[in-house]
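Asker: Return a 3D structure for these sequence lines:
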Amino acid sequence: MQNRVLLLEDDTNLSETIKEYLEDEGYEVESAYTSQEALEKVYEKHFDILLLDVMVPGENGFELLKKIRKASDTPAIFITSLDGVDSLEEGYRSGCDDYIRKPFALKELLLRIETLLKRQLQAKENTIHIDQHNHYDIKKNELISHGQPANLNQKELKLLKLFLKHPNEPISHEKIYETLWEYDETPSDMALRTYIKNLRKYLGKDRIESIKRYGYKFIK
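Answerer: All right, here's what the predicted structure looks like:
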C-alpha cells in the first residue's frame, strides 16, 4: 500500500509535475484544484500527507487547513509563492507542519515529506524496528517480516501505522474505526477482529493486547 498524498495546486502544469514525480517515487497522489474540492477529499478519504497551495480558488489554504484541523491531524505542508514572515507565521498558526516556498526543487519537497512521515511515527530512520523478525518500512508503507513483505491489506496497514504512532497506549474502537474506514464505508467489528488476527499472525499474539469493552494496545 502506497502512502497517499493530497495535492492542492491550481496551476495544472505544476500540479501534474509534482504528481508525476511523487508517483515515480512510490506515492499515490490525488489532485485537487480548489479548496472545496480538497476539503471534500479529506472528509471522504484517508491521506498520509497534505500538500496545500495557499492562493487557490475558493478560500485560501490557511483557512482550509484550519477547517481540516478540526477533524484531522494529518501532516500538512504549504507550497506557496508567499514569502513574507507574516505569511509564514499565519501558515504555522493555521496548523501546518512545514512550509516550502516556490520555486522549489522536487527533491527538496520529497525530503520534507519523508521527514514528516518519520516524525509522525517518531522514527529517526526510514524503518521502525519491531522485533528481530519484523520491521516497518515507512517510505514503502510495508511490514517486512522475515525479510519479505507481509501480506497485509490496506486497512491492516492503516491499523499497524496507528499502533506504531501510539505504542503502549490504549486505543479505542472508535479511534480505530475513524482511522480505518473511509467516509462512505461502514465500520465492522467483525472485520476489525480479522485485521487484528492477521497482524498477530506476523507480530505475535502477545504484541497486541485486547482491552475489554474499549479497544486494543500495541506492546512495543
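Asker: Could you list the single helix or strand in this structure with the lowest mean pLDDT?
Answerer: Among the helices and strands of the chain, helix 85-93 carries the lowest confidence by mean pLDDT, DSSP states H and E, at a mean of 86.
Asker: Identify all contacting residues around it.
Answerer: For helix 85-93, the external contacting residues (C-beta atoms under 8 Å, 6 or more residues apart in numbering) are Val54, Phe62, Phe78, Thr80, Leu82, Tyr99. All C-beta atoms are positioned from the backbone trio N, CA, C, and that covers glycine.
Asker: Surely the fourth one touches Pro103?
Answerer: When you say that, I think you mean Thr80. No - with contact defined as C-beta atoms under 8 Å, Thr80 does not reach Pro103; the gap is 11.1 Å.
Asker: Looking at those two, which has the bigger crowd around it?
Answerer: Thr80 (22 against 7; other C-beta atoms under 10 Å).
Asker: Grab the nearest non-local neighbour of the more buried one.
Answerer: Val54 (4.1 Å; C-beta to C-beta, 6 or more residues apart in numbering).
Asker: ok, which stretches of the chain are strands?
Answerer: 4-8, 28-32, 49-53, 76-80, 98-101, 127-129, 134-137, 142-145, 148-149, 170-172, 208-211, 215-218 (DSSP state E).
Asker: distance between the third one and the chain's centre?
Answerer: If I follow you right, that is strand 49-53. Centroid separation for strand 49-53 versus its chain: 11 Å, with C-alpha atoms, centre = their mean, to the nearest Å.
Asker: now swap in the first one and tell me
Answerer: The gap between the average C-alpha position of strand 4-8 and the chain average comes to 10 Å, counting by C-alpha atoms, centre = their mean.
Asker: who's in contact with the most centrally placed residue in the chain?
Answerer: The centroid of the chain falls nearest to Asp48 when counting by C-alpha atoms, centre = their mean (1.6 Å). Neighbour list for Asp48: Asn3, Arg4, Val5, Thr74, Pro75, Leu117, Asn141 [criterion: C-beta under 8 Å, 6+ apart].
Asker: The same query, at a cut-off of 7 Å, please.
Answerer: Asp48 makes contact with Asn3, Arg4, Val5, Thr74, Leu117, according to C-beta atoms under 7 Å, 6 or more residues apart in numbering.
Asker: Going by distance to Met190, which of these wins?
Answerer: Taking C-beta to C-beta as the measure, Arg4 is the one of these closest to Met190, at 25.5 Å.
Asker: Assess the claim that the closest one and Phe47 are in contact.
Answerer: Yes - Arg4 lies in contact with Phe47 (C-beta atoms under 7 Å); the separation is 5.1 Å.
Asker: Who has more neighbours out of these two?
Answerer: Legend: neighbour count by other C-beta under 10 Å for Arg4 and Phe47, higher for Phe47 (22 against 17).
Asker: ok, now how distant is the residue nearest to that one when sequence neighbours are not counted from Glu16?
Answerer: Take Phe47 and drop its neighbours on the chain: the residue closest to it by C-beta to C-beta, 6+ apart is Leu6, 4.5 Å away. Distance of Leu6 to Glu16, given as C-beta to C-beta, to the nearest Å: 15 Å.
Asker: per-domain residue ranges of the chain.
Answerer: 4-120, 127-218 (automatic domain parsing).
Asker: Deepest-packed of the ones you listed, please.
Answerer: Highest mean neighbour count of the domains of the chain: domain 4-120, a mean of 17 (counted as mean count of other C-beta atoms under 10 Å).
Asker: That concludes my questions; thank you for your assistance.
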